[in-house]
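Enquirer: Return atomic coordinates for the entry below.
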Amino acid sequence: MLEKCKTAQERWGGVDKLIDRWLAERQVLVDHYTALRDRTDPAISTRQYLNNFCSALLDYVSAGHFSVYEQLVRGAEEAGDERALDLMAQVMPRIETITQFAVIFNDYYGAQNTRVLKEDVMHSRLLKMGGLLLERFELEDCLIEVLHNAYRSNHCVTETME
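Expert: All right, here's what the predicted structure looks like:
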């Protein structure tokens, strides 16, 4: 998961400040996921690892839904890119499903939770969350690529015409 996140930053970093911030949040999320999964520092409790991960998880999915996706749609509309809009319509239901799992995970394990942790169940759910995040990152990278190419094509045409 870490390598795919770094690759996205290398490919799309610098394209747009909003996307840059979002990819940085993705890296923070991946770091907290890895720390929770591996828990190598005995000075940090499982609860603190969970709180850190859940906080990063909600920050990341919220940024996607409340700013990044809106900007991607707006960019596709401005570029008149029906292919990008169609892709967005196809991909968003799956992203929504993954978001719902993330919210449920947070509700169950986040800072407001006082339940006793069942280690094996939490670990299983965390691994599932990791797989879903990887899928989401791939879908988002596809959206970014399509929208970036539409923007670049539209921008190059405009520059050529001037």
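
Enquirer: going forward, measure contacts between C-alpha atoms and count neighbours the same way
Expert: Noted.

Enquirer: wait, what's in contact with residue 126?
Expert: residue 37 (Cα atoms under 8 Å, 6 or more residues apart in numbering).

Enquirer: Please apply the same query to residue 89.
Expert: Applying Cα under 8 Å, 6+ apart, no residues qualify as near residue 89.

Enquirer: Kindly provide the distance from it to residue 120.
Expert: Noted for residue 89: a distance of 36 Å to residue 120, by Cα to Cα, to the nearest Å.

Enquirer: And the contacts of the helix or strand encompassing residue 62?
Expert: Residue 62 is located in helix 46-63, with elements delineated by DSSP states H and E. Contact with helix 46-63 is made by 22, 25-26, 28-29, 32-33, 35-36, 39, 99, 102-103, 105-106, 109-111, as judged by Cα under 8 Å, 6+ apart.

Enquirer: do that again at 6 Å, thanks
Expert: Identification of contacts with helix 46-63 by Cα atoms under 6 Å, 6 or more residues apart in numbering yields 25, 29, 32-33, 36, 106, 110-111.

Enquirer: which of the residues you listed lies closest to residue 140?
Expert: Distance to residue 140 across the contacts of helix 46-63 (Cα to Cα) is lowest for residue 25, with 13.5 Å.

Enquirer: Quick check: closest non-adjacent residue to the closest one.
Expert: Spatial nearest neighbour of residue 25, chain neighbours left out: residue 60 (5.9 Å); criterion: Cα to Cα, 6 or more residues apart in numbering.

Enquirer: ditto for residue 139
Expert: residue 91 (6.8 Å).

Enquirer: quick one: pLDDT of that neighbour?
Expert: On pLDDT, residue 91 comes in at 94.

Enquirer: so how many other residues sit close to it?
Expert: Number of residues near residue 91 (other Cα atoms under 10 Å) recorded here: 16.

Enquirer: check which helix or strand covers it.
Expert: Assigned by DSSP H and E, residue 91 falls in helix 82-109.

Enquirer: got the buried residues for that helix?
Expert: By 16 or more other Cα atoms under 10 Å, the buried positions in helix 82-109 come out as 84-85, 88, 91-92, 95, 98-99, 101-103, 105-106, 108-109.

Enquirer: Cool, thanks, talk later.
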